[in-house]
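>>> Provided below for reference: sequence and predicted model.
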Amino acid sequence: MTSISRPEERWRNPLPAPSPYHASVRTLVLWDVDHTLIEAGGVSAGIYASVFERLIGDPPEKVAAMAGRTDLAITTETLRHHGIDPTPALLASFTTALAETFATCSHEIAARGRVLPGAHAALKALAARPDVVQSALTGNMEQIARVKLTAFGLTDLFDLDVGAYGMDGVERPPLVRLAQQRASGKYGNAFTASNTVLIGDTPHDVRAGHEGGARVVAVATGATSAAALRLSGADLVLNDLTDTPNVLQAILPT
C-alpha cells in the first residue's frame, strides 16, 4: 500500500538550527502520547466516527481498536470492515479530514482531557538536559500529535521534527528506526538500540521498541496493568510518572 507523504512544513516546529551542544547528545528519548503523557478526553473515537459519516455517507458500525495502533492502521481497518477499499486517495482524504477536525476540537481536548500526573515534570527535566533528544513515537499522525500536545502546553518540550507518527507506517516497530534516522540526520549522532529509549503504556509499544531497536520503559497508566507490561517484555515498568527522579533514573540509568 502506498503510504501518505509527510506533513507540510507548516506543521513543523519553528526550532532554531542545532546548537553546538548537540555534538554531545547521547540518548534519543521517544514518548508515546495517549495514556502515557495525556488523556485526550475520549474525543478520538467520536472524531473518527464523524469523519467516516461525512465522507462515506453512513455512520460506521464500528471504529477499529485504537490503543497502541497507528492512525494508518486504524483508518485502513475501519474502512475494510465496512467493505470499502482504502485507496491512497481515500486514505489521504480521510486523514486530512481527521487532522482538520482534531484541530477544531483542540479546546474540547483541553477541557475534557488532562496531562497525566508527573508527565510535565518528567518532560521538562529531560528537555533541560543537553545529552537528550526528546521526541514522540506515537500512533497519532503528526498533525494530531501536535494538536494534542499543544492543547496541554507540552509542544515546546519536544523536537517533534525527529519523531515518527501514525501515517509513517501501519506497524510501530519500523517507526523506531525512522525516528533514529531523522534524529541522526539532524543532530549528527548515531542513534541505535544502545542509546534509544521508548516510553509507552501498551504491549504494542514494548514490541515496537524491541523489534525496532530501543530499550523500553513501560508505564501502567493506560489499560494494561504493570504485570501484563512485564509479561510483554518491557525492560522496566513504572506504575506512573509521578516520581521524577525515579523516572529519569529509569530512562537514563547511567
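Arrived safely, thanks for sending. No experiment lies behind these values; they were computed from the predicted model shown. Numbers count the residues shown, from 1 in each chain.
>>> Thr70: what's it in contact with?
139, 165-172, 175 (C-beta atoms under 8 Å, 6 or more residues apart in numbering). In this view, the C-beta of every residue, glycine as well, is placed from N, C-alpha and C.
>>> now swap in Thr138 and tell me
31-34, 145, 163-166.
>>> any idea whether Leu28 is helix, strand or coil?
Put simply, Leu28 is strand when judged by DSSP: H, G, I helix; E, B strand; the rest coil.
>>> surely it is in contact with Asn195?
Yes. Between Leu28 and Asn195 there is a contact under C-beta atoms under 8 Å: 6.4 Å.
>>> give me the more crowded residue out of those two.
In terms of neighbours (other C-beta atoms under 10 Å), Leu28 is the more surrounded of Leu28 and Asn195; the figures are 27 against 18.
>>> who are the contact partners of the more buried one?
Leu28 neighbours (C-beta under 8 Å, 6+ apart): 132-133, 135, 162, 179-180, 183, 191, 195-197.
>>> in the sheet, who's paired with it?
Applying DSSP bridges to Leu28 gives these bridge partners: Val133, Thr196.
>>> just put the contacts of Thr138 in TSV and tack on neighbour count.
TSV is the format used below for the contacts of Thr138 (neighbours: other C-beta atoms under 10 Å):
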residue	neighbour count
Trp31	29
Asp32	26
Val33	24
Asp34	24
Ala145	26
Gly163	26
Ala164	27
Tyr165	27
Gly166	28
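>>> between the residues you listed, which is closest to Asp85?
The nearest member of those to Asp85, counting by C-beta to C-beta, is Gly166 at 20.3 Å.
>>> dihedrals phi and psi, the closest one?
phi -70, psi -10 (degrees, to the nearest 10).
>>> that one contacts Asn140, correct?
Yes. Contact criterion C-beta under 8 Å: Gly166 and Asn140 qualify, at 5.1 Å.
>>> output the below-cut-off pLDDT ranges for the chain.
Scanning the chain for pLDDT under 70 picks out the ranges 1-25, 68.
>>> at which residues are the helices of it located?
Assigned by DSSP state H, the helices in the chain fall at 44-56, 71-81, 88-104, 106-112, 119-127, 142-151, 173-187, 203-212, 226-231, 244-251.
>>> which one of those helices lies nearest to Leu238?
helix 244-251 (6.0 Å).
>>> what's the angle from the closest one to helix 119-127?
60 degrees (axes from the mean of the first three to the mean of the last three C-alpha atoms, to 10 degrees).
>>> how close does the nearest residue to Ala164 once chain neighbours are set aside get to Phe152?
Leaving aside its chain neighbours, Ala164 sits nearest to Leu175 (3.7 Å; criterion: C-beta to C-beta, 6 or more residues apart in numbering). Distance of Leu175 to Phe152, computed by C-beta to C-beta, to the nearest Å: 22 Å.
>>> which of these two has more neighbours?
Comparing Leu175 with Phe152 by other C-beta under 10 Å, the one with more neighbours is Leu175, at 24 against 20.
>>> hang on, the earlier thing: list just the nearest of the contacts of Leu28 to Val247.
Once C-beta to C-beta is applied, the member of the contacts of Leu28 that ends up nearest Val247 is Val197, at 11.1 Å.
>>> check contacts around the closest one.
Neighbour list for Val197: 27-30, 214-217, 251-252 [criterion: C-beta under 8 Å, 6+ apart].
>>> just those residues now: which is nearest His82?
Nearest to His82 among the contacts of Val197, with distances taken as C-beta to C-beta, is Leu30, at 33.1 Å.
>>> just checking, the closest one touches Leu126?
No. Using C-beta under 8 Å, Leu30 is not in contact with Leu126; the gap is 11.3 Å.
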